[in-house]
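Novice: Give me coordinates for this.
(chains A and B)
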Amino acid sequence: MLKEYRTVSEVAGPLMVVEQVEGVKYGELVEIEVSKDEVRRGRVLEADGSKALVQLFEGSAGLNLASAKVRFLGRGIELGVSMDMLGRVFDGFGRPRDGGPQIIPEKKVDINGNPINPYARDYPSEFIQTGISAIDGLNTLVRGQKLPIFSGSGLPHAALAAQIARQARVLGTDEKFSVVFGAMGITFEEADYFISDFRRTGAIERAVLFVNLADDPAIERISTPRMALTAAEYLAFEKDMHVLVILTDITNYAEALREVSAARMEVPGRRGYPGYMYTDLASIYERAGRIKGRKGSITQIPILTMPEDDKTHPIVDLTGYITEGQIILARELHRKGIYPPIDVLPSLSRLKDKGIGEGKTREDHADTMNQLYAAYARGKDAKELAAILGEAALSEDDKNFSKFADEFETIYVNQDIEENRTIEETLDLGWELLTLLPVRELKRIREEYIEKYLPKTRPA
Amino acid sequence: MDEGRIIKVSGPLVIAEGMGNAKMYDVVRVSDERLIGEVIEMRGDRASIQVYEETAGLGPGEPVYTTGEALSVELAPGLIEAIYDGIQRPLDKIKDHVGDRIERGIELPGIDHERKWHFEPRVKPGDSVEPGDILGVVQETVVVEHRIMVPYGVRGTIKDIKKGEFTVVDVIATVDTADGARDVTMLTRWPVRRGRPYAEKLPPYAPLVTGQRIIDMFFPVAKGGAACVPGPFGSGKTVVQHQLARWADSDIIVYVGCGERGNEMTEVLMDFPELIDPRTGEPLMKRTTLVANTSDMPVAAREASVYTGITIAEYFRDMGYNVALMADSTSRWAEALREMSGRLEEMPGEEGYPAYLGSRIAGFYERAGRVKCLGTDEREGSLTVIGAVSPPGGDLSEPVSQATLRVAKVFWGLDATLAARRHFPAINWLISYSLYLERLEDQISKAIAADFGDLRKEAMQLLQEEAELEEIVRLVGVDALSVKDRLTLETAKSIREDFLHQNAYHEVDTYTSLTKQRLMLKAILDFHHSALNAVEAGVSFDATMELKVRDSIARMKYIPENEPERLNSVFDEMKAAFAGLTQAVGGEEVA
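Specialist: Modelled structure (predicted):
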């Protein structure tokens, strides 16, 4: 029988102090009986002598200092895992929210996980074809990568993430990805969009969803991504599955983190976010990857809405330092009606180089990618110049580049939400666009590839 | 062994009482799991301890054991090709012991104590030795001769010296000292927070040749110098660091991955055994030691990792080697300092960083340098430190960047705009600097060619002019410029695209020797001069721009080092092309 304490001395925001406790351990799970039929959860943030500082996941509303009963469970927060999780929807704390029965766990796993030994990691190098040219051709995703989508309010990041989940596959295999979906503080409608899309395409059968909605307890969001990743690790490293983890929206997660930090009166880092936010975010993102000798993999696509589209905002900035690149959506392209509105210049996939080329995609991939980037950048410059000085002031070359930039956006980046392009189609499309430029400007491509792939005449 | 009791646990910070006998920076073992920690504050008999492992599950009342020793590393044959965590536990052995994930409470020595090495003595009985003298050598890898030195504080005459196969803990020599006979093993220990001693510090004079054109040509770093690479995310800090670790002409490389991605360490582990060092013809891994505290590993060990790395680097420097240390990223180390400082409830300085941030950073970079090593042979060694900095939002006014710029002599400023255009390395030539430029110029000119410095100056001037001209173009268009200015723009563009831009993933382009660098830049500038002469002789500007030889210049970067005749043929082609042009307008031949 666990000892029950009725010595709550203080509740403030998401924090609670319990006194005269014995044997409390840092990080352990706490149950708080608020009333006869309501039990809430918490976690020990600090064990100081006979005092314990507890973080309440479900808020403190209705909690009475005198009548609350507190039990320390002697273990960390755990998730019961089993193959029966597939096809199910859970809340942010791992309890079923789809009306289905409780899962009978194969085992219980601490949701914090231990760091992966870098020596045990296998370098991600298998090309994932998402069917989206701006990603496959220019910001290639590989199995085991963590590639976030930096978006803004009102941009179609949900549609893009769902499209990736629907179309992603590794060439030459029919293996499908399982999807683990972790929602933190998003609206019902947005969550419903994903769930309906998974249902429509049948992906739900191989998906596990953890959903914390905007009106669910905010502090619960701190455990939601860890629940999702614990499930993903079980599927990937014990059941040999290739798992795509979509986490949305990290911005809400970071705000929950800030709330706890502020309540603890910690010295803040930038914009009130705690100084340890980098470490904390890393403990989520670094759980993507491959492990030597294991068949499965975890590929992560976290979604962040950039406050005021600001790339230097701490949440976005720290994420960019941890993840292996970023896909950035641009409002300007969205306004032009381009879907997906991926701004390819600041977007980046750091792991692309090992995932492309001969035997993976095609030998000419790296060179054309670099050339398309450089040409698009130059085209954008030319357009800027034309905006000031007028079209007539452009040199012949600049006019070509300017035209290239326009066509690049409307033909290459732009595609239908249901359109699934093969990598060959994407690469050929790139070559087609390069015919707009003089051959001598194709400095980043090896001559033999120009010889072999550049169309001699421009297709209509 | 004394024993204290935990009274408080808050993340990586543990406070214990009954610690009256502990000293500052002593290593302690926390709880019966024996987690490794270090005393960072003492108040009465209470000690604040930063714990290098996850503290979940610890609580008040559990024991804390003092060891009386400062945080130290083991130094002996076996360091090369190793991969360590922040406190020198071998990650490969941890994997053998506990599997794919790092569990806590693992105790493994940094050096294999069982493995036998062949020890070849260099002294004989009766020789008098002092600290730093080389007792003998072990061929640790094909390229690294590990020199076993007389330990610090040992002085006397050799009584006995052995030869043959020994483990690092076997006695290989006995020295008669003033205090009696001292047994010497190959293994020594050194506290990481104390710089290893040397006889004398010397100013650096030789360049660290990196094969990276923008660095070697425009912003070189000296062997024994300190450089920093600040840049926003995605600007290629890590690629620059990896390129330096690959191609720098150092004898030993120590690469510290501090709070960065796990996959980056994996990449080094995967690539380095495959990549061949152009100087030795052997795999790069044969000269490399890795220290990895990835961002998901415990934060307190992050702080220790840079010290672990630099102590290992100093040890090789003391043998008389040129050593280079890459620390990626020092910002994560500073953030670890900030986190501990916050938990200690210290009064924060700027942006929550502790007030002692600047002095810690300075203290670290100052451990770089060219030195005269201890020992009677007066050998020289050098330690070059190259630190990456990750300023939030790319804003260099933040405290870590500022503190670093105050001590580093070379600044490679990475630029997000260049990175977005895929101009890599994205080192902005207008803001970067190297304070070693003058000092190294003599050396390079002597070794390569006398015009090396002049080429650099002219190219840099053209790049500066380009920046000014672009302002004008933005206002009035390129047609308003004189032919000379338009040529300047074209040449500057050629310098940027054909010289400064360098593809780390291209098999040839990834490394360029100084000789080839000079030829490439000379070709670009020769073209500039010839075109200028041709235009003055009446050739149209467009005609010079349409010359095929421009393509040949642009493709020089892809010509392998071992085909110098193809590099030289570009100059002949250029001569012929301009001769053709001027003949066509009936002018005199211009060269």
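
Novice: I'd like to know how many residues surround the residue in the stretch 1-150 of chain A positioned nearest to chain B.
Specialist: Residue nearest to chain B within the stretch 1-150 of chain A: residue A:27 (3.3 Å; Cβ to the nearest Cβ). For the C-beta atoms, the positions are set from N, CA and C on the backbone; glycine is no exception. Neighbourhood size, residue A:27 [other Cβ atoms under 10 Å in any protein chain shown]: 22.

Novice: What residues sit buried inside the helix or strand where residue B:404 lies?
Specialist: Under the criterion of DSSP states H and E, residue B:404 resides in helix B:399-407. Counting neighbours by 16 or more other Cβ atoms under 10 Å in any protein chain shown, one finds that the buried residues in helix B:399-407 are B:399-405, B:407.

Novice: now swap in stretch B:379-396 and tell me
Specialist: Neighbour-count burial for stretch B:379-396 flags B:379-394, B:396 (criterion: 16+ other Cβ under 10 Å).

Novice: Also stretch A:6-21?
Specialist: Of all the residues in stretch A:6-21, those buried under the rule 16+ other Cβ under 10 Å are A:7-8, A:11, A:14-18, A:21.

Novice: first to last residue in that stretch, what's the distance?
Specialist: For stretch A:6-21, the separation between the terminal residues is 10 Å (Cα to Cα, to the nearest Å).

Novice: Over to stretch B:144-156?
Specialist: Length of stretch B:144-156, first residue to last, Cα to Cα: 28 Å.

Novice: which residues sit against it?
Specialist: With contact meaning Cβ atoms under 8 Å, 6 or more residues apart in numbering or on different chains, stretch B:144-156 is reached by B:77, B:80, B:117, B:119, B:128-140, B:172, B:175-178, B:182, B:184, B:186, B:188, B:196-197, B:251-252, B:286-287, B:318-320, B:374-375.

Novice: and the closest residue to residue B:362 other than its chain neighbours, what does it touch?
Specialist: Of all residues not flanking residue B:362 in the chain, residue B:407 sits nearest, at 4.8 Å (Cβ to Cβ, 6 or more residues apart in numbering or on different chains). By Cβ under 8 Å, 6+ apart, the residues touching residue B:407 are B:226, B:361-362, B:365-366.

Novice: do that again at 10 Å, thanks
Specialist: Residue B:407 makes contact with B:226, B:228, B:358, B:361-366, B:368, B:385, B:387, according to Cβ atoms under 10 Å, 6 or more residues apart in numbering or on different chains.

Novice: Please apply the same query to residue B:405.
Specialist: The contact partners of residue B:405, by Cβ under 10 Å, 6+ apart, come to B:228, B:230, B:361, B:389, B:396, B:411, B:413, B:433.

Novice: What residues are bridge-paired with the fourth one?
Specialist: Listed by DSSP bridges, the beta-bridge partners for residue B:389 are residue B:230.

Novice: hang on, it packs against residue B:365?
Specialist: No: counting by Cβ atoms under 10 Å, residue B:365 is not a contact partner of residue B:389; they are 11.4 Å apart.

Novice: who touches both of these two?
Specialist: Common neighbours of residue B:389 and residue B:365 (criterion: Cβ under 10 Å, 6+ apart): B:228, B:327, B:330, B:403-404, B:408.

Novice: I'd like these laid out as JSON lines, including pLDDT and distance to chain A.
Specialist: As requested, those are exported to JSON lines (pLDDT from 0 to 100; distance: Cβ to the nearest Cβ, whole Å):
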{"residue": "B:228", "pLDDT": "96", "distance to chain A": "16"}
{"residue": "B:327", "pLDDT": "94", "distance to chain A": "15"}
{"residue": "B:330", "pLDDT": "93", "distance to chain A": "13"}
{"residue": "B:403", "pLDDT": "95", "distance to chain A": "16"}
{"residue": "B:404", "pLDDT": "96", "distance to chain A": "16"}
{"residue": "B:408", "pLDDT": "95", "distance to chain A": "20"}
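
Novice: want to throw those residues into TSV with distance to residue B:511?
Specialist: Output for the shared contacts of residue B:389 and residue B:365, formatted as TSV (distance: Cβ to Cβ, whole Å):
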residue	distance to residue B:511
B:228	22
B:327	22
B:330	26
B:403	32
B:404	27
B:408	24
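
Novice: Farthest-apart pair in the residues you listed, please.
Specialist: For the shared contacts of residue B:389 and residue B:365, the farthest-apart pair by Cβ to Cβ is B:327 and B:403; their separation is 14.1 Å.

Novice: returning to that earlier point: in helices, which of the contacts of stretch B:144-156 appear?
Specialist: residue B:318 (DSSP state H).

Novice: Spatially nearest residue to residue A:315, not counting backbone neighbours?
Specialist: Spatial nearest neighbour of residue A:315, chain neighbours left out: residue A:254 (4.5 Å); criterion: Cβ to Cβ, 6+ apart.

Novice: Tell me who's in contact with residue A:366.
Specialist: So residue A:366 contacts A:140, A:352-353, A:356-358, A:444-446, A:449, B:503, B:505-506 (Cβ under 10 Å, 6+ apart).

Novice: Okay, and which of those residues map to helices?
Specialist: Under the assignment DSSP H, those contribute A:352-353, A:449 to helices.

Novice: just to revisit the earlier point, out of the buried residues of stretch A:6-21, which touch chain B?
Specialist: With the criterion set as Cβ under 10 Å from any Cβ of the partner chain, the members of these near chain B are residue A:21.

Novice: where's the dip in pLDDT among the buried residues of stretch A:6-21?
Specialist: On pLDDT alone, residue A:14 ranks lowest of the buried residues of stretch A:6-21, at 90.

Novice: For chain B, which helix extends over the most residues?
Specialist: If you go by DSSP H, chain B has its longest helix at helix B:452-476.

Novice: Identify the residues contacting the next helix or strand after that one?
Specialist: Note on helix B:452-476: by DSSP H and E, the next helix or strand toward the C-terminus is helix B:483-494. Residues outside helix B:483-494 that contact it (Cβ under 10 Å, 6+ apart) are A:395, B:458-459, B:461-470, B:472-473, B:478-482, B:500, B:523-525, B:527-529, B:531-532, B:534-536, B:540-542, B:544-545, B:550, B:553-554.

Novice: what do you get if the cut-off is 8 Å, keeping everything else the same?
Specialist: By Cβ under 8 Å, 6+ apart, the list of residues contacting helix B:483-494 reads B:462-463, B:465-466, B:469-470, B:473, B:478, B:481, B:524-525, B:527-528, B:531-532, B:535, B:541, B:544-545, B:550, B:553-554.

Novice: Return the set of buried residues in stretch B:370-381.
Specialist: Within stretch B:370-381, the residues that count as buried by 16+ other Cβ under 10 Å are B:370-375, B:379-381.

Novice: no wait, stretch A:70-77
Specialist: Within stretch A:70-77, the residues that count as buried by 16+ other Cβ under 10 Å are A:70-72, A:76-77.

Novice: Could you list which of the contacts of helix B:483-494 also contact chain A?
Specialist: With the criterion set as Cβ under 8 Å from any Cβ of the partner chain, the members of those near chain A are B:473, B:478, B:550, B:554.
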